[in-house]
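In: Got a sequence here, can you model it:
(one chain, ligands or ions: 1)
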Amino acid sequence: MIPPVLLTFFVFVFGAILGSFLNVCILRIPLGQSIIRPPSRCAACGVQLPGFLNLPILGYFMLQGRARCCGAHLDPRYPIVEAGTASVLAALWMLYPPELFAIYALLVAGLIVASGIDLDYLVIPDFLTLGGVVVGICLSYLFPELQGKSDPVDAMIRSSLSAAIAGGSLWLVARTASWFLQKEAMGIGDAKLLAALGAFLGWPSLPFILAVSSMIGTVVGIGILKQRKQKLGVKVPYGPYLALAALLWLLGGVNLVAKYLSNNFIQII
Ligand SMILES: [Zn+2]
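Out: Next up is the predicted model:
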């Protein structure tokens, strides 16, 4: 038998390697390049990197944040994505049974790539958002426990309805805000992303995700306004806040809300 601590460490290492692959996806998918070939190259000068310098997380620190070939600064986002993926996967592994862990790991990988591309280009590719809706509904049929159900058809219906409610409500908010401001306030891509989150996590997660993402968005937005003195109404990527809120839901928000509801239910009685 493998001790649980060692197993969690293996999941952490797997997460770091996965994070390194997600960095490649964030860089190459928007450019329409293959995510498998060619092997990693220096982003500044194009020299092919020797394998050992591709070591996730540690590679960046071994190189002291500079490319060995040409001395260009390496983006600290690489080790952050690698360490973040590793930590989140290890936490999910400790919180959930293996099937749910695998599904949530897939969701988190998709959210990290979507957030990275949204930060760089202010768009999220449809195959990640609409693809996420389809995958979420299919996985709910195959693993009904994802929706807290035992019947596959029930779970699939809940997943589909949740996706429709999520996408529809945020689409309505986006349209209303755009109408009031007389310009595009929020991308439709964000509505599609929330639909995918609904398909995976079910409708009970939606109030939490909307509330937490808008809180994070407000705090970060005020920070950006102060720092850059930007005008209000400049389009900002909202996808990363939705992704972060969904992550907080998976890492404990779900239990907090359940506890809050049960406490208040008892008080009402
Ligand atoms: Zn270089």
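In: make it CA atoms for all contacts and neighbour counts henceforth
Out: Will do.
In: Domains in this protein, by residue range?
Out: The chain breaks down by automatic domain parsing into domains covering 1-95, 123-269.
In: among those, which is the most enclosed?
Out: Ranked by mean neighbour count, the domains of the chain are led by domain 123-269 with a mean of 18 (mean count of other C-alpha atoms under 10 Å).
In: Residues of this structure that sit close to the ion?
Out: Cys42, Ala44, Cys45, Cys69, Cys70 (C-alpha under 5 Å from the ion).
In: quick revisit: now the domains of the chain in JSON lines, please, with extra columns for mean pLDDT.
Out: Shown next, in JSON lines, are these (pLDDT from 0 to 100):
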{"stretch": "domain 1-95", "mean pLDDT": "88"}
{"stretch": "domain 123-269", "mean pLDDT": "88"}
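In: Tabulate these (CSV), appending distance to Tyr104.
Out: Formatted as CSV, the domains of the chain follow (distance: least, C-alpha to C-alpha, whole Å):
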stretch, distance to Tyr104
domain 1-95, 8
domain 123-269, 8
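In: closest one to Leu107 among the ones you listed?
Out: domain 123-269 (7.9 Å; C-alpha to C-alpha).
In: can you redo the residues of the chain next to the ion as JSON lines with secondary structure?
Out: Below are those laid out as JSON lines (DSSP: H, G, I helix; E, B strand; the rest coil):
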{"residue": "Cys42", "secondary structure": "coil"}
{"residue": "Ala44", "secondary structure": "coil"}
{"residue": "Cys45", "secondary structure": "coil"}
{"residue": "Cys69", "secondary structure": "coil"}
{"residue": "Cys70", "secondary structure": "coil"}
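In: hang on, Gly19 packs against Val81?
Out: Yes. With contacts counted by C-alpha atoms under 8 Å, Gly19 reaches Val81, the gap being 5.7 Å.
In: Val123 - that's part of a strand, no?
Out: No. Assigned with three-state DSSP, Val123 falls outside any strand and is coil.
In: Surely it touches Ser115?
Out: No. Using C-alpha under 8 Å as the test, Val123 is too far from Ser115 to be in contact (9.2 Å).
In: where along the stretch 151-269 of the chain do the strands fall?
Out: When assigned using DSSP state E, counting those that start in this stretch, the stretch 151-269 of the chain turns out to have no strands.
In: can you tell me the residue of it closest to the ion?
Out: Evaluated by C-alpha to the ion, the stretch 151-269 of the chain has Pro240 as its residue closest to the ion, separated by 29.2 Å.
In: Now do the contacts for that residue.
Out: The contact partners of Pro240, taken as C-alpha atoms under 8 Å, 6 or more residues apart in numbering, are Leu111, Ala114, Ser115, Gly116, Asp118, Leu119.
In: Restricted to helices, list these.
Out: Among these, the ones falling in helices (DSSP state H) are Leu111, Ala114, Ser115, Gly116, Asp118, Leu119.
In: Which one of those residues is nearest to Ile137?
Out: Leu111 (16.6 Å).
In: what's the burial count for that closest one?
Out: Applying other C-alpha atoms under 10 Å, we find 25 residues neighbouring Leu111.
In: Identify the residue spatially nearest to it, adjacent ones excluded.
Out: Ala243 (5.7 Å; C-alpha to C-alpha, 6 or more residues apart in numbering).
In: For the one you found, list the residues it contacts.
Out: Leu111, Ile112, Ser115.
In: Likewise for Ser34?
Out: Arg28.
In: and the closest residue to Leu119 other than its chain neighbours, how far is that from Ile224?
Out: The spatial neighbour of Leu119 that comes closest, neighbours along the chain excluded (C-alpha to C-alpha, 6+ apart), is Pro237 at 5.9 Å. Distance, Pro237 to Ile224, by C-alpha to C-alpha, to the nearest Å: 12 Å.
In: so how far is the helix ranked longest in the chain off the chain centroid?
Out: For the chain, the longest helix by residue count, based on DSSP H, is helix 152-181. Remark: helix 152-181 is offset 18 Å from the chain centroid, using C-alpha atoms, centre = their mean, to the nearest Å.
In: Check which helices and strands that helix sits against.
Out: In terms of contacts (3 or more C-alpha pairs under 8 Å, 6 or more residues apart in numbering; DSSP states H and E), helix 152-181 is packed against helix 126-142, helix 188-201.
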